[in-house]
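Student: just the structure for this:
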Amino acid sequence: MQQTSPPTESLQHRADIAKLLSPLRRVRPRVPFWNLAAHRIPTLWTLYRGLLRHVEHENIRHQIRTLFRENRQITSGQATKEQLQQGHKWLDVLKRARAGDTRLQAILDRVDRIVAVKREEEKWRACIHQVFVRICAYPCIVVYNIQQNEEAHARVRPIFKGSFIRQTLYNRLLPRIIPQPENIGGIIRWRRNARERRLENKDELHRWIDDLRKEARFERELCAHEQGPHKMEFLGNALNEWVQPLQDKLGITEDSLLRDIERLHAPYPRKLLFQAKQARQRKLANKTRQKEREARGLYCLSTLKRMRRGPPTHILAKMTPEQRRLYRIAQGPAEGGYTAAVKVSLGMKLRSPSLWKLEGGQEENQAMLEAMEHKISSENERRQHRGGDEREV
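Tutor: Residues are numbered from 1 along each chain as shown. Just a heads-up that it's a prediction; the model follows:
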């Protein structure tokens, strides 16, 4: 039986159907959806940024950031779609509340109070967890004061001591905080990379504009002898239309570079300078109190750390045991008695150079002190002889 080919009309009909169905066929991307710009840009710049911009309660803002941070681990397309739909519903609620909807504002106030209570519970739960971890690690600890644990965490909070990060093209005058927040370094690093990209784009835009102008001049010279309707020019009459978008982009880039220069020459904020002055006064007062405590014999952790610190390695290798012992004594904060004598012998400066010389008394009191010493020695000798006589009996 001979097989016949389908008619031409049937083939054409099949081709038309395939052409209509081909755009509807699902195309699976080669990369995960969370790396696609079609997902990242609307999620970050429309949803996340919109939520943070329209929210007016700090606790709700913290909850939004926490949810986005937790949902970064979702890899399911369906679960991601559900979370995004819920996020857009919250965005609509925040917009309506900010527009003046009193009912939604009352609801958001109640949600803010609920989140505040949950945050407080989570903070104490984490604190108690750390306490039990330490108790399990050190069984000898039976009672641990939670309030002291909170104070210990407060000791490592960022502290402003009065110094600054100097102004550059990438940052204005900033307080130097210890420990330095990671966000400040991230901003400076991002701006440095952005300025390098802008400089490269500026050079590239200048090259493109020069190439277009050279191409237009070449075409004008090439077609200078041609006349009539067959004369061909691609760039000669439309050069401005080709160059204008590039010049607009170049203007935006140059404005960004000028803002970097304005950032470098920006005036110092008076409020920040006043805070730096107060921080330096507090630092001086703290150091003064520390020196007073050391004079009374109350050593803090920094004092003990300084006393344990040795000289540089290349100097320590050449020191004798006696020199090491004297150096260890001189590291102490005391400035009297044997410690002061050791410091003077090593050439170290004292806050009160003549104070340690008064250990034996003032000159006008030497006669009285010698008489007292002779009296005490005589009494000691008498008691020793009397004790010897009693033993002989």
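
Student: which sections of the stretch 1-150 of the chain are below the confidence cut-off?
Tutor: Within the stretch 1-150 of the chain, the stretches with pLDDT under 70 are 1-3, 26, 132-150.

Student: ok, longest helix in the protein?
Tutor: Longest helix of the chain, by residue count under DSSP state H: helix 182-222.

Student: pLDDT on it, on average?
Tutor: Mean pLDDT, helix 182-222: 90.

Student: quick one: list the elements packing against it.
Tutor: Counting contacts by 3 or more Cβ pairs under 8 Å, 6 or more residues apart in numbering; DSSP states H and E, helix 182-222 is packed against helix 239-264. Every C-beta, even on glycine, is put in place using the N, C-alpha and C of the backbone.

Student: now the angle between helix 182-222 and the helix it packs on, please.
Tutor: Relative orientation of helix 239-264 versus helix 182-222 (axes from the mean of the first three to the mean of the last three Cα atoms, to 10 degrees): 150 degrees.

Student: how about helix 239-264: buried residues?
Tutor: The neighbour-count check on helix 239-264 (16 or more other Cβ atoms under 10 Å) flags 239, 242, 243, 250, 253, 260, 263 as buried.

Student: what helices or strands is whichever helix or strand comes after it leaning on?
Tutor: Heading C-terminal from helix 239-264, the first helix or strand you meet, by DSSP states H and E, is helix 270-295. Helices and strands touching helix 270-295, by 3+ Cβ pairs under 8 Å, 6+ apart, are strand 159-165, strand 174-178, helix 301-308.

Student: what about the ones you listed, which gets the closest to residue 276?
Tutor: Closest to residue 276 of the helices and strands packed on helix 270-295, according to Cβ to Cβ: strand 159-165, at 4.6 Å.

Student: tell me the buried residues in the helix or strand harbouring residue 340?
Tutor: Counting by DSSP H and E, the element that carries residue 340 is helix 337-345. Neighbour counts over helix 337-345 (16+ other Cβ under 10 Å) mark 339, 340, 342, 343, 344 as buried.

Student: save the residues you listed as JSON lines, and put in distance to residue 181 and pLDDT too.
Tutor: Listed next are these as JSON lines, based on distance: Cβ to Cβ, whole Å; pLDDT from 0 to 100:
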{"residue": "339", "distance to residue 181": "41", "pLDDT": "82"}
{"residue": "340", "distance to residue 181": "43", "pLDDT": "82"}
{"residue": "342", "distance to residue 181": "43", "pLDDT": "87"}
{"residue": "343", "distance to residue 181": "40", "pLDDT": "86"}
{"residue": "344", "distance to residue 181": "45", "pLDDT": "84"}
